[in-house]
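Student: what would the 3D arrangement of this be:
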Amino acid sequence: MAYAEKVYKVRGGKQTKQFTWRACYKLPNGKKGTEPGFATKNLAVEWGAEQERLIKAGVWIDPTRRATTFGEFAGVFMAARKKRGRTIGTRWDRLDNHILPRWKDTPLGAITWFDVDSWQQGMTVEDVTRGHCVSLMSTIMTAAVDAGYLTVNPLFGRRRTRDTSGEAAWAKPPKIRRDGGVRPEDALLVAERLGPARGIHVLTTAFTGLRWGEGLGLHRDNTLLTRRQPWGAGEFVCPILRVAEEYAEYQERDEHGAKKRYVVQLEPTKNDGSTRDIDVPPFLAVLLRHHLADWPGERVFATPSGTPWLRGNWSRTFRPAADGREERPKRQGVAYRAAWEPICPGLDMRALRALHDTMQSEIGVKEPLAFEAAGHRRPGIKRHYQKPTAAMRAERLDGLEEVFRSAMRSVGLKTLWGRVDLQKHSP
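Tutor: Take a look at the predicted model:
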């Protein structure tokens, strides 16, 4: 049963007549637990009795655990929750750059939603980054509840307040400043400018929706395999790309978060929905066959030496093709380089993946197949009942083929890279 003890104050090494009360209660292991600093005996006894009630109910939290700082527990969380390398690197970056500078020394029990919400509003980063930081904090706080450091996560289920004052009230310009977004014509022109070995990567991303890492991880053994699916009295047959692995680029961290070497590492796909077979339109199958015949490496989209592209190196190659470049005169030791007019400033590989999803919507691809092709897990009960049919697949391929040919006509191209005639011929 809880009780209270006097705790006399000491000055100059001598006990005085002044005192406070210390609560004493029985811990779950049978030992004595204490908490000092109460002004009266009744307050100390009541506090101790409440601890014993919580212990009996099985919901008691050790006060010393509640005093654990967020930084200390974040280290425990990161060491215990193993994720893919890229995910671990991203989490540590958010912790080091944004979260820990503010919350490292704050006790877990002292963190409130009001303080976190006020903090995220003042962050000088994009709103999506603010959301990711708060989400990671909430994940760590939920783990603290599960580990017995807290009884409740004060961040769970709360909606962030968005800053709508001053400059934040003005609409932000889109990344790609074009009313209609990225066009198939843009993808064709950039691919033509980059040449066959690099341009095929651009076209494949635009017309299959491969993620960046998935494209780098595509193996020639998984390229242009064959799908066979019953269709009416016959069979639907088409070439496919099999997405089974991807490359991740990140900086390794040790168990304490210290930075180690920078790596580009092959990993499994991010989730079950990402492991998939993607149907390939006829025009793209033709181009990929020629590419595989010319390309010596195992990975279909790689640097000339066969190693995976680093994002920075790819950007230095891709950006001038999309954004344009100035003429470079010939001089000693430097070759002449012609000027390039801009095609689609701001275009990147993620925008090309988004273009694929946009084209699927435009040509009316049914939801079961659209989600499958994009590598997304369809929400709701319908994903268990509705499956892609052969008719859906044929309709999608016909639609993408027509989008491609229409775009070729729009930009006045009859062939790509001057080597493959892709025009339809009369029988």
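
Student: against Gln120, how distant is the residue nearest to the spatial centre of the chain?
Tutor: Nearest to the mean C-alpha position of the chain, counting by CA atoms, centre = their mean, stands Thr87 at 7.5 Å. For Thr87, the distance to Gln120 equals 21 Å [CB to CB, to the nearest Å]. C-beta coordinates here come from the backbone N, C-alpha and C atoms, glycine included.

Student: the lengthiest strand in the chain: partners in the sheet, and parallel or antiparallel?
Tutor: Secondary structure of the chain per DSSP state E: the longest strand is strand 14-26. According to DSSP bridges, strand 14-26 forms sheet pairs with strand 3-11 (antiparallel), strand 32-38 (antiparallel).

Student: export only the CA atoms of the last one, formatted as PDB.
Tutor: So that's strand 32-38. Output in PDB follows, covering the C-alpha atoms of strand 32-38 (Å, rounded to 0.1, in the frame of the first residue of the first chain):
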ATOM      1  CA  LYS A  32       9.900  -0.200  -3.600                       C
ATOM      2  CA  GLY A  33       9.400   2.700  -6.000                       C
ATOM      3  CA  THR A  34       9.700   6.400  -5.000                       C
ATOM      4  CA  GLU A  35       8.900   9.800  -6.400                       C
ATOM      5  CA  PRO A  36      10.100  12.900  -4.500                       C
ATOM      6  CA  GLY A  37       9.000  16.500  -4.400                       C
ATOM      7  CA  PHE A  38       5.400  16.600  -3.000                       C
END
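
Student: what are the buried residues along that strand?
Tutor: Of the residues in strand 32-38, 33, 35, 38 count as buried by neighbour count, 16 or more other CB atoms under 10 Å.

Student: distance to Thr303 added to those, as TSV?
Tutor: Listed next are the buried residues of strand 32-38 as TSV, based on distance: CB to CB, whole Å:
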residue	distance to Thr303
Gly33	63
Glu35	63
Phe38	69
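
Student: check contacts around Lys260.
Tutor: Contact analysis of Lys260 by CB atoms under 8 Å, 6 or more residues apart in numbering lists 251-254.

Student: try 7 Å
Tutor: Going by CB atoms under 7 Å, 6 or more residues apart in numbering, Lys260 touches 252-254.

Student: what about it, is that helix, strand or coil?
Tutor: Secondary structure assignment for Lys260 (DSSP: H, G, I helix; E, B strand; the rest coil): strand.

Student: which residues touch Leu288?
Tutor: 200, 223-224, 280.

Student: now tell me what touches the lengthiest helix in the chain from outside.
Tutor: In the chain, taking DSSP state H as the definition, the longest helix is helix 390-411. Applying CB under 7 Å, 6+ apart, the contact partners of helix 390-411 are 184-185, 188-189, 207, 229-231, 236, 238, 279, 281-283, 359-360, 363, 365-366, 368-369.

Student: of these, just the buried ones, ChimeraX syntax please.
Tutor: To isolate the buried ones among the contacts of helix 390-411 in ChimeraX, judged by 16+ other CB under 10 Å, type:
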select :184,185,188,189,207,236,238,279,281,282,283,359,360,363,365,366,368,369
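
Student: in helices, which of the contacts of helix 390-411 fall?
Tutor: Going by DSSP H, the helices hold 184-185, 188-189, 207, 282-283, 359-360, 368-369 from the contacts of helix 390-411.

Student: these: which two are farthest apart?
Tutor: Pairwise distances across those peak at 32.6 Å for Leu189 and Pro368 (criterion: CB to CB).

Student: confidence score at the residue nearest to Ala244 when sequence neighbours are not counted?
Tutor: Among residues not flanking Ala244 along the chain, Thr275 sits closest, at 5.8 Å (CB to CB, 6 or more residues apart in numbering). Looking at Thr275, its pLDDT stands at 92.

Student: for Phe207, same thing?
Tutor: 97.

Student: contacts only, for it.
Tutor: 281, 284, 356, 400, 404.

Student: and which of those residues is nearest Pro296?
Tutor: Scanning the contacts of Phe207 for proximity to Pro296, where the rule is CB to CB, the winner is Leu284, at 20.8 Å.

Student: from Arg53, how far out is the residue nearest to that closest one when sequence neighbours are not counted?
Tutor: Leaving aside its chain neighbours, Leu284 sits nearest to Phe207 (5.4 Å; criterion: CB to CB, 6+ apart). In this structure, Phe207 lies at 65 Å from Arg53, with CB to CB as the measure.

Student: do the same with Pro304
Tutor: 71 Å.

Student: what's the answer for Lys414, then?
Tutor: 83 Å.

Student: more neighbours: which of these two?
Tutor: Arg53 (13 against 10; other CB atoms under 10 Å).

Student: can you tell me the element that one falls in?
Tutor: helix 41-57 (DSSP states H and E).

Student: again with Tyr149
Tutor: Counting by DSSP H and E, Tyr149 is found in no helix or strand.

Student: okay, it: pLDDT?
Tutor: 89.

Student: roughly how far does it sit from Ala80?
Tutor: 13 Å.

Student: those two: who's more crowded?
Tutor: Tyr149 (22 against 10).

Student: just give me the neighbour total for the nearest residue to the more buried one once chain neighbours are set aside.
Tutor: For Tyr149, the nearest residue in space outside its immediate sequence neighbours is Arg65; the separation is 4.5 Å by CB to CB, 6+ apart. Neighbourhood size, Arg65 [other CB under 10 Å]: 16.

Student: doesn't Leu150 make contact with Arg65?
Tutor: No. Using CB atoms under 7 Å, Arg65 is not in contact with Leu150; the gap is 8.1 Å.

Student: who's in contact with Met359?
Tutor: 184, 400, 403.

Student: swap in Leu241?
Tutor: 208, 218, 222-223, 278, 280.

Student: ok, 6 Å please
Tutor: By CB atoms under 6 Å, 6 or more residues apart in numbering, Leu241 lies in contact with 223, 278.
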